[in-house]
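S.K.: below are the sequence and a predicted model for it; my questions follow.
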Amino acid sequence: MTTFKDLKFEKKWGGVGSHHTFDNGITLSVQAGIGNYSTPREDLPSSDNYSSFEIAMWDKDGDWITQDIVPGHNDDVVGYVSRENIDEIISFIKLKE
């Protein structure tokens with residue numbers, strides 16, 4: 001089963017980022033850096049340097065679905081999400097496969 005530890009991070013805009021598309025076509029974006037809602041909000045070389053991340057999700061048609069998956073949020077991105085919460089979101093996404 002996919003977890004946060006399985007996400008492949010690359011250097012992006014000074015920080016780090018990962019896009020993972022699941023078998024059901026849902027893509028999870030996990031980003032961290034000075035331009036993202038992450039802790040810290042600094043450009044650092046590895047996802048290991050961050051304790052929280054900015055996330056967003058869209059479906060196979062490219063439509064935003066973040067609000068459908070993360071209850072109580074009314075935006076296409078959610079900031080300051082912990083690794084543990086990302087694992088919970090991944091589990092929820094996998095249930096939709």
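M.R.: Noted; the coordinates are in hand. Residues are numbered from 1 along each chain as shown.
S.K.: quick one: the strands in the chain, in order.
M.R.: Here the chain has its strands, by DSSP state E, at 10-12, 15-21, 27-32, 52-58, 77-82.
S.K.: what residues does the fourth one touch?
M.R.: Around strand 52-58, the neighbours that count as contacts under Cβ atoms under 8 Å, 6 or more residues apart in numbering are 26-32, 36-39, 47, 64-66, 69-70, 76-83, 86, 89, 93. In short, each C-beta sits where N, CA and C put it, glycine included.
S.K.: mean confidence (pLDDT) on that strand, please.
M.R.: Throughout strand 52-58, pLDDT has a mean value of 98.
S.K.: for the chain, longest helix please?
M.R.: helix 83-95 (DSSP state H).
S.K.: for the record, mean pLDDT for it?
M.R.: 95.
S.K.: and it, what other elements does it pack with?
M.R.: Counting by 3 or more Cβ pairs under 8 Å, 6 or more residues apart in numbering; DSSP states H and E, the packing neighbours recorded for helix 83-95 are strand 27-32, strand 52-58, helix 66-69.
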